[in-house]
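**Student:** next one to model:
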Amino acid sequence: MSGPIVSEGSSPIILGFPHVGTHVPAAIASRLNDEGRLLRDTDWHLDRLYAGVTPSVTTVAAATHRYVIDVNRDPVGASLYPGQNTTGLVPLSDFDNQPIWRLGEEPGPDEIAERTALYHAPYHAAFRNQIERVLARHGVAIVFDCHSIRSEIPFLFQGKLSDLNVGTDGGVTCARAVEQAVMSVARSAANYSSVLNGRFRGGWTTRHFGQPGKRVHAIQLELAQHNYLSSEAPPFAFDTERATRLRPHLNAMLTALEALAVRGDLKEVAQ
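**Tutor:** Numbering: from 1, shown residues only. Model prediction:
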């Protein structure tokens, strides 16, 4: 399956999983080099981590891997972080700046445009449909975009990443109450470090859909993977014990956001 995977729920919250997919069409997979075929930059098992954390949420997940196309990048190719190292709409290298394509097999502009139409556009069309459905039901929608990444990647950032990295593009993509609700949980989570709008300020999904004046609030949580994986190296195995410790904090975040929406607090910020 290469299209987005959608599970409709009754909650005002929509979880996004743009980077959990591992599907790579055979014609594309044959052009990846040994490093590329590791799919190292996957948000490994993140959908499993969130499964059942909060009932009745809607989920939208990309089935196709980010090396085919990154659905959390601007479709015109503009950098989310100008002046900082990052990967593009269709990455040519991984997060360690290692090439992922066989020499001479890198995708060109025409192929990137084709992949954008085949994979990127349908993912965001599905997301938009769910936002409109949730808005019609609740009068407000909260996009909670779910991500994870290795905690140490010198090419992308110095030192060790915080455990809980919350992004709202400097408070632009959601009401302050949404930001505060998530950060209150993050800051009180014992033995977990946290930061707001640090290295990760929210990707294209958060920035594109987050329009609090239209009652759509978006926030991103980037987790350091050592908090729920047994290792941040292959085979990237899920660690049930670590996940069990982390899940209550995820539940607290989502429960707090749902309470905001149910109380009607977020409707008041519409312009």
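
**Student:** please make it C-alpha for all contacts and neighbour counts, starting now.
**Tutor:** OK.

**Student:** now stretch 242-249: how far from the chain's centre is it?
**Tutor:** Distance, stretch centre to chain centre, for stretch 242-249: 18 Å (CA atoms, centre = their mean, to the nearest Å).

**Student:** next: stretch 28-43.
**Tutor:** 19 Å.

**Student:** for it, buried residues please.
**Tutor:** 31-32, 36, 39-43 (16 or more other CA atoms under 10 Å).

**Student:** residue ranges for the helices of the stretch 51-200 of the chain, please.
**Tutor:** 109-115, 121-138, 176-188 (DSSP state H, counting those that start in this stretch).

**Student:** can you put those in a markdown table and add mean neighbour count?
**Tutor:** Formatted as a markdown table, the helices of the stretch 51-200 of the chain follow (neighbours: other CA atoms under 10 Å):
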| stretch | mean neighbour count |
| --- | --- |
| helix 109-115 | 13 |
| helix 121-138 | 17 |
| helix 176-188 | 18 |
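
**Student:** who's in contact with Thr205?
**Tutor:** Residues near Thr205 by CA atoms under 8 Å, 6 or more residues apart in numbering: 72-73, 145.

**Student:** among these, name the ones in strands.
**Tutor:** Asp145 (DSSP state E).

**Student:** between the contacts of Thr205, which sits nearest Thr116?
**Tutor:** Among the contacts of Thr205, Arg73 lies closest to Thr116 (CA to CA), at 10.4 Å.

**Student:** per-residue confidence for that closest one?
**Tutor:** pLDDT recorded at Arg73 is 96.

**Student:** then the one 5 residues further on?
**Tutor:** Predicted confidence (pLDDT) for Ala78: 83.

**Student:** check Val269 too.
**Tutor:** Taking Val269 on its own, its pLDDT is 54.

**Student:** reformat the buried residues of stretch 28-43 as CSV; add distance to Pro248 and secondary structure.
**Tutor:** CSV is the format used below for those (distance: CA to CA, whole Å; DSSP: H, G, I helix; E, B strand; the rest coil):
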residue, distance to Pro248, secondary structure
Arg31, 41, coil
Leu32, 38, strand
Gly36, 34, helix
Leu39, 29, coil
Arg40, 27, coil
Asp41, 26, coil
Thr42, 23, coil
Asp43, 20, coil
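
**Student:** let me have these in TSV, extended by pLDDT and distance to Leu92.
**Tutor:** Below are the buried residues of stretch 28-43 laid out as TSV (pLDDT from 0 to 100; distance: CA to CA, whole Å):
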residue	pLDDT	distance to Leu92
Arg31	98	12
Leu32	98	10
Gly36	98	9
Leu39	98	13
Arg40	97	13
Asp41	98	12
Thr42	98	15
Asp43	98	18
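
**Student:** which one of those residues sits closest to Thr59?
**Tutor:** Nearest member of those to Thr59, counting by CA to CA, is Asp43, at 15.2 Å.

**Student:** touching, the closest one and Val20? I think so.
**Tutor:** Yes - judged on CA atoms under 8 Å, Asp43 makes contact with Val20 at a distance of 5.0 Å.

**Student:** any idea which helix is longest in this protein?
**Tutor:** When the chain is parsed with DSSP state H, its longest helix is helix 240-263.

**Student:** got the contact list for that helix?
**Tutor:** Contacts for helix 240-263 (CA under 8 Å, 6+ apart): 11-13, 49-50, 53-54, 138, 140-142, 177-178, 181-182, 185-186, 189, 227-230, 266-267.

**Student:** let's go with 6 Å and repeat that
**Tutor:** With contacts defined as CA atoms under 6 Å, 6 or more residues apart in numbering, helix 240-263 is touched by 53-54, 182, 227-228.
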